[in-house]
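A.B. asks: just a sequence and a predicted model for now, questions to come.
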Amino acid sequence: MEIVGLVALGALVYLLASAAQAITGFGLALLAVPVLIPVVGPVPAVVSSVLVSVVLCSRAWWRERSDVDTRLTLRMSVAAVLGLPLGLVLLTVLSEAQLSVMVAIAVVVGVLVLALVKLPPIGRVGEAVGGFTSGALLTSTGLNGPPLVIAFQAAGLEPRRFRATLQATFLVQDLVAIVGFLVVAKIDATACWVALGGALGVPAGWALGDKVFGLLRPEVFRRIVLAGLVATACSSVAMVLR
């Protein structure tokens, strides 16, 4: 695909993905990676999602920094950094289908837990497991949201604090992941051109999604978050079956 086509593709896909993330707090990679893989391949799709996420999350974090649970962000980020190298190894040695199956299973279990059980606080050990898993999934599939969503839902964060803390945590993970991608030479021209288009689409997408977010009641927000997790599982299964 020509450069102009890659930029245009990135702008359209990430505009929609940014709107989804503004509404639920996550969803950038959920929407973008499955759509981009058939066009540009799995590695550029994953890498571009991390590059665009830095742009989106840095803007969102700055605007909503007063709502961020800083201590929770730090705890989850430290655990995630430990998981990032594992994700890089998985990205190198496992097939796309194997990775997708892992994600689908993890997300389906998470959805069932959230839908059927009112989660108590999961404690420091649970946070560490969620953070580590999120880091490993970020560098292997780009889909690092579900473990964080489960942990933050269990922490009982109200919607605005939930969204702001997610963006801050994503930002820390993404910055470290980019260093990892550079070390293993996974950032190529295709990923960069798609990410450039994505960066152009982010402001409009977030503004659109933020308007919808402002209209949501807490119980509606929870249902949308659950729907987003279900969609993550479905997209992972679709990647396996395609």
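C.D. replies: Sure thing, it's come through.

A.B. asks: hmm, which helix or strand of this protein has the shakiest average pLDDT?
C.D. replies: helix 96-116 (a mean of 65; mean pLDDT, DSSP states H and E).

A.B. asks: quick one: buried residues of the helix or strand following it?
C.D. replies: Sequence order places helix 123-141 as the next helix or strand after helix 96-116, per DSSP states H and E. Within helix 123-141, the residues that qualify as buried are 126-141, counting by 16 or more other Cβ atoms under 10 Å. All C-beta atoms are positioned from the backbone trio N, CA, C, and that covers glycine.

A.B. asks: and stretch 39-50, by the same measure?
C.D. replies: Val40, Pro42, Val43, Pro44, Ala45, Val46, Val47, Ser48, Ser49, Val50.

A.B. asks: what is the rounded mean pLDDT of it?
C.D. replies: Per-residue pLDDT over stretch 39-50 has a mean of 90.

A.B. asks: nearest residue to Ile122 other than its sequence neighbours?
C.D. replies: Spatial nearest neighbour of Ile122, excluding adjacent residues (Cβ to Cβ, 6 or more residues apart in numbering): Ala154 at 4.5 Å.

A.B. asks: and that neighbour, how far from Val129?
C.D. replies: Ala154 sits 11 Å away from Val129, going by Cβ to Cβ, to the nearest Å.

A.B. asks: same thing with Leu31?
C.D. replies: Noted for Leu31: a distance of 26 Å to Val129, by Cβ to Cβ.

A.B. asks: check Leu182 too.
C.D. replies: Relative to Val129, Leu182 is positioned 27 Å away (Cβ to Cβ).

A.B. asks: before we move on, the earlier item: confidence score at the residue nearest to Ile122?
C.D. replies: Looking at Ala154, its pLDDT stands at 79.

A.B. asks: give the contact list for Leu157.
C.D. replies: Taking Cβ atoms under 8 Å, 6 or more residues apart in numbering, we find Leu157 in contact with Asp69, Thr165.

A.B. asks: what secondary structure does it sit in?
C.D. replies: coil (DSSP: H, G, I helix; E, B strand; the rest coil).

A.B. asks: quick check: angle from the helix or strand harbouring Ile150 to helix 123-141?
C.D. replies: Assessed by DSSP H and E, Ile150 sits inside helix 145-154. Relative orientation of helix 145-154 and helix 123-141, computed by axes from the mean of the first three to the mean of the last three Cα atoms, to 10 degrees: 160 degrees.

A.B. asks: name the residues of helix 145-154 that are buried.
C.D. replies: Neighbour-count burial for helix 145-154 flags Gly145, Pro146, Pro147, Leu148, Val149, Ile150, Ala151, Phe152, Gln153, Ala154 (criterion: 16+ other Cβ under 10 Å).
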